[in-house]
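Visitor: Pasting the sequence and the predicted model now:
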Amino acid sequence: MAQVSQPPLDLLAIRTKRYGATLLDIVREHKEYWRQIFQLAAVDLIKTYRGSALGWLWAVIKPTVTIFVYWFAFSVGLRASKDVGGFPFFLWLLAGIIPWFYIQEMLTQGSTNFKRYDYLVTKIRFPVSTISTFVSLSKMYVHLALLMIVVVIFVLFGYPVDVYFLQLPLYVALMFVFFTLWSMFASLLSAMSKDFANVVNSFVTAIFWVSGIMWDVNLIDSPILSKVLAFNPVTFLATGFRNVFIYKRWFFEDTFALAAFAIMLVGMFGLALFTFHRLRRDIADVL
C-alpha cells in the first residue's frame with residue numbers, strides 16, 4: 001500500500017522561522033518607532049476633527065446623540081425598556097454601548113488604514129506594521145475620554161466606583177489588541193480588494209444587533225446559541241463592560257466566554273501575522 005507523503009519537517013521549520021522573523025520585525029519596528037506612533041496617533045486624531053466648527057466636541061456629540069436616539073426609541077417610542085439588574089435601562093445601555101463606538105470605528109476606518117495613509121507606504125520609508133497601531137491608538141484616545149464620562153455619569157446617578165472597576169484596564173487592553181490585529185489584517189485585504197471593505201461595511205450594522213449590545217445575552221434560553229455567541233468578541237467586550245458597571249462580576253467567572261475570546265484572539269493574531277507576511281512586500285505596488 002502506497003504511503004501518503006508527509007511534508008518534510010525542514011519545510012515546516014523554514015516556514016516557522018520565516019513567520020517568526022516577520023513577528024520579530026513587527027516587534028522591532030514598534031520598539032524603534034514608538035515615539036512616532038504616539039505622534040501620528042495625535043495627528044490622526046487632529047485630522048479627524050480638523051475643519052469642523054465644534055472640533056473635538058464631535059468626539060462626544062456623536063456618541064451622545066446615538067445613545068439618546070436608542071434610549072428614546074426603546075424607552076419612549078417602544079416602551080420596552082425596564083430596569084436591568086436594578087439599574088435604569090439608560091445606564092445598562094450606556095455600559096454596553098460605550099465600547100461599540102471604538103469597535104465601530106475600527107471595523108470601518110480601521111479596515112482602510114493603508115489607503116488613508118498610502119503616502120507612508122509608497123512615498124517615504126516607514127514601517128507599515130505600525131500604521132494600524134497608531135490609528136487604533138487614535139481611536140482609543142476618544143474611547144478613554146468617553147469612558148471617563150461614563151464613570152462620572154454612574155457616580156452622579158449614585159453608583160460609586162468599586163473594586164470591579166479594576167477590570168476596566170484589562171477589557172480596554174484586550175479590545176485594543178484584538179482590533180489592532182483586526183485592522184492590520186483587514187486593511188491589507190482592503191488595499192488588495194475594494195470588495196472586502198464593502199463587505200465589512202455591510203456587516204457592521206448586523207454585528208451591532210446580534211452582539212448583545214441592545215439586549216441582554218444572559219436571557220438566551222438556548223445553550224447552543226449562547227455558546228456560539230460567546231465566540232463573538234464584541235459580545236465578550238460588551239458583556240465585560242456590563243460586568244464592571246452593572247452585574248459586578250469578575251472576568252474569570254465565565255471561563256467558557258474567556259476561553260472563547262482567547263481562541264478568537266489567537267486566531268486573529270495568526271490571521272494578521274499570516275496576511276502581513278504574505279502581502280507586506282506587495283502593498284506598495286498595489287497602492
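Guide: Noted; the coordinates are in hand.

Visitor: which stretches of this protein have low pLDDT?
Guide: Applying pLDDT under 70 to the chain flags residues 1-9, 11-12, 50-56, 75-83, 85, 284-287.

Visitor: host element of the one residue sitting closest to the centre of it?
Guide: Per C-alpha atoms, centre = their mean, the C-alpha nearest to the average position across the chain is that of Phe179, at 3.5 Å. Element membership of Phe179, judged by DSSP states H and E, is helix 168-192.

Visitor: Mind listing what's buried along that helix?
Guide: For helix 168-192, the neighbour count (16 or more other C-beta atoms under 10 Å) marks 168, 171-172, 174-176, 178-192 as buried. Quick note: C-beta positions are derived from backbone N, CA and C, even for glycine.

Visitor: got it, and stretch 40-50?
Guide: By neighbour count on 16+ other C-beta under 10 Å, the buried set for stretch 40-50 is Leu40, Ala41, Asp44, Leu45, Thr48.

Visitor: same deal with stretch 100-111?
Guide: The neighbour-count check on stretch 100-111 (16+ other C-beta under 10 Å) flags Trp100, Phe101, Tyr102, Ile103, Gln104, Glu105, Met106, Leu107, Gln109, Gly110, Ser111 as buried.

Visitor: ditto for stretch 113-131
Guide: Applying 16+ other C-beta under 10 Å to stretch 113-131 flags Asn113, Phe114, Tyr117, Asp118, Leu120, Val121, Phe126, Pro127, Val128, Ser129, Thr130, Ile131 as buried.

Visitor: Out of the residues you listed, list just those in helices.
Guide: Cross-referencing those against helices under DSSP state H gives Asn113, Phe114, Asp118, Leu120, Val121, Ile131.

Visitor: Adding distance to Leu144 as columns, could you present the buried residues of stretch 113-131 in TSV?
Guide: What follows is those, written out as TSV (distance: C-beta to C-beta, whole Å):
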residue	distance to Leu144
Asn113	20
Phe114	25
Tyr117	22
Asp118	28
Leu120	25
Val121	28
Phe126	26
Pro127	25
Val128	26
Ser129	23
Thr130	20
Ile131	21
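
Visitor: so Thr108 makes contact with Val199?
Guide: No. Using C-beta atoms under 8 Å, Thr108 is not in contact with Val199, being 11.8 Å away.

Visitor: Counting neighbours, what do you get for Lys227?
Guide: As a burial measure, Lys227 scores 13 neighbours (other C-beta atoms under 10 Å).

Visitor: tell me the contacts of it?
Guide: Applying C-beta atoms under 8 Å, 6 or more residues apart in numbering, we find Lys227 in contact with Phe256, Ala260.

Visitor: Please repeat the previous calculation with a cut-off of 10 Å.
Guide: Ile220, Phe256, Ala257, Ala260 (C-beta atoms under 10 Å, 6 or more residues apart in numbering).
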